[in-house]
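K.L.:
need a 3D model of the following:
(one chain, ligands or ions: 1)
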Amino acid sequence: MRLSPRHIFPFALLAASITWIFTIETLPPLEPLVEEVIEPLPPPQPVAPFIYEFPVTLSLCPKLDVANAPLADTALHIIGYTATLTINDVTLARAPVETACVSSGFGSRNGQVHTGIDLYSLEPVDIYAAADGTIREAEYRYDFGNMLVIDHGNGVFTRYAHLDSFSGLKVGETVQSGQIVGVMGNSAGYLIPRHLHYEILTGEWGAQAASFALTPVDALAIPPID
Ligand SMILES: [Zn+2]
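P.N.:
A predicted model of the protein is given here:
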């Protein structure tokens, strides 16, 4: 007997149904639907500026008659000294050097106003950027020798004079708090002991007078300026 498609069809349908039932049975159970929970992102936090850990003590130079000396204890440590001070929301080092002592304070001296503080070291120690900023001036002057001025924003600047070198820094380059910007030297048009003349300045940098249009601030003013 010849099988026609008409005879085969019911058997094929039955076989397909059985296969389907067994396939259904062998399928793994469905996983319960879990709703994906998306955690809300935390609000963006303002990035705190990095502040280098500058030395927390500073002393007056022994055996020196320090002009405008801040109050010091019997070990010559400056009383109430803090590593940094904050002006116009800019936190700056009071003494941005590897190691040094104060050989002259801020204020009137020999009939003139000493517009910064002098930090002395026998060795040619590293000088650091007092805070993050941009180099505004990098030049040689007869009075200040190799001189750098850093702009820290918010009308706050720092000046570093008598540097031995500039560490290759040029005007417009950015520096970070604690970055080495030079080496203590005695560069000037006349003979001076090795030291850093350091100024903190505020105001508006002048097109004509440049950093000399700014107002100097005593870096050792204690309590801290806010
Ligand atoms: Zn000085």
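K.L.:
my guess is Asp126 contacts Ile180. True?
P.N.:
Yes - using C-beta atoms under 8 Å, Asp126 and Ile180 qualify as a contacting pair, with a distance of 4.8 Å. Bear in mind the C-beta positions are built from the backbone N, C-alpha and C, glycine included.
K.L.:
which one of these two has more residues nearby?
P.N.:
Asp126 (17 against 14; other C-beta atoms under 10 Å).
K.L.:
which helix or strand contains the residue minimising distance to the centre of the chain?
P.N.:
Of all residues in the chain, the one closest to the mean position by C-alpha atoms, centre = their mean is Ser177, 3.3 Å from it. Secondary structure assigned from DSSP states H and E places Ser177 in neither a helix nor a strand.
K.L.:
quick one: Ala75 is in a helix?
P.N.:
No - when the secondary structure is assigned by DSSP: H, G, I helix; E, B strand; the rest coil, Ala75 falls in coil instead of a helix.
K.L.:
excluding residues flanking it in the chain, which one is nearest it?
P.N.:
Excluding the flanking residues, the one nearest Ala75 by C-beta to C-beta, 6 or more residues apart in numbering is Ser59, at 7.2 Å.
K.L.:
cool, and Asp164?
P.N.:
Excluding its sequence neighbours, the residue lying closest to Asp164 (C-beta to C-beta, 6+ apart) is Gly185, at 2.9 Å.
K.L.:
buried set for stretch 53-65?
P.N.:
Neighbour counts over stretch 53-65 (16 or more other C-beta atoms under 10 Å) mark Phe54, Leu58, Leu60, Cys61 as buried.
K.L.:
tell me the contacts of whichever residue of the chain sits closest to the ion?
P.N.:
Ranked by C-beta to the ion, the top residue of the chain for proximity to the ion is His197, at 3.4 Å. With C-beta atoms under 8 Å, 6 or more residues apart in numbering as the criterion, the residues that contact His197 are Gly116, Ile117, Asp118, Phe144, Arg159, Tyr160, Ala161, His162.
K.L.:
flag every residue of this structure that's near the ion.
P.N.:
Residues of the chain found near the ion, taking C-beta under 5 Å from the ion as the criterion, are Gly116, Asp118, His197.
K.L.:
could those residues be laid out in CSV, adding secondary structure and pLDDT?
P.N.:
What follows is these, written out as CSV (DSSP: H, G, I helix; E, B strand; the rest coil; pLDDT from 0 to 100):
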residue, secondary structure, pLDDT
Gly116, coil, 97
Asp118, strand, 97
His197, strand, 98
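K.L.:
shaky segments in the protein?
P.N.:
Regions of the chain meeting the criterion pLDDT under 70 cover residues 1-32, 34, 223-226.
K.L.:
and the residue of the chain closest to the ion, how far is that from Asn88?
P.N.:
As judged by C-beta to C-beta, to the nearest Å, His197 and Asn88 stand 22 Å apart.
K.L.:
again, but for Leu220
P.N.:
Using C-beta to C-beta, one gets 18 Å for the distance from Leu220 to Asn88.
K.L.:
more neighbours: which of the two?
P.N.:
Set side by side, Leu220 and Asn88 show unequal neighbour counts under other C-beta under 10 Å, the larger going to Leu220 at 21 against 12.
K.L.:
which SSE is the more buried one in?
P.N.:
Assigned by DSSP H and E, Leu220 falls outside every helix and strand.
K.L.:
could you give the bridge partners of Ala149?
P.N.:
Heads up, residue 149 is Val, not Ala. With DSSP bridges applied, Val149 shows beta-bridge pairing to Glu137, Arg159.
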